[in-house]
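Participant: Whatever this is, show me its structure:
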Amino acid sequence: MVDLLRVGVITSAHGIRGEVNVFPTSDDPERFEKLESVIVKKGAQETIRRIENVKYFKKMVILKLEGIDDRNAAELLKSNDLMVDREHAQKLEEGEYFIADLIGLKVVTDDGQELGILKDVMETGANDVYIVKTAGGKEILLPVIPDCVLRVDLEAGLVEVHLMPGLLDL
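Facilitator: Next up, the predicted model:
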């Protein structure tokens, strides 16, 4: 399992006092109010920054991070990921999973056929969609609904699915 979980991406500087605009990648953007700090990650470089202030504008979160005190410093953070460790991650309900834990799982059908590897999760609003890459390089889109996704077993590293008629014909 992944130790760090992404909660947002810095998109740009905001104003002249070192604030940054953050696109939240968490289901709950207001979670930033509960965090004392975040890990700012660019490639392999990770820096812990205390959160000094949180504001919201439209679908963005505006953060003031400790040590980032002017626009120039804020602009250097563009495209950096904001991460938290598992200890500070939101608690999940039964049947909920962090996307980072799902990526890389083997996807098999209920009749034992190996479909491929779960490469990503697309969030559509109605239901999530698993993007599965086959051994041949083809991508299969699987809706995350009870009729299709039967079981997720993180310990075994697999997702069991039922292929509804016509799903592979697309």
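
Participant: buried residues in the least confident helix or strand in the chain by mean pLDDT?
Facilitator: The least trusted helix or strand in the chain, going by mean pLDDT, DSSP states H and E, turns out to be helix 99-102, with a mean of 89. Residues of helix 99-102 classed as buried: A100, L102 (neighbour count, 16 or more other Cβ atoms under 10 Å). For the C-beta atoms, the positions are set from N, CA and C on the backbone; glycine is no exception.

Participant: how about the helices of this structure, start to end?
Facilitator: Using DSSP state H, the helices of the chain run over 71-75, 99-102.

Participant: any chance of the ones you listed in CSV, with distance to D28 too?
Facilitator: CSV is the format used below for the helices of the chain (distance: least, Cβ to Cβ, whole Å):
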stretch, distance to D28
helix 71-75, 24
helix 99-102, 14
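
Participant: Now do the least confident helix or strand of the chain: distance to the chain's middle.
Facilitator: Taking Cα atoms, centre = their mean, to the nearest Å, one finds helix 99-102 lying 8 Å from the centre of the chain it belongs to.

Participant: Next: stretch 111-129.
Facilitator: Offset of stretch 111-129 from its chain centre (Cα atoms, centre = their mean): 14 Å.
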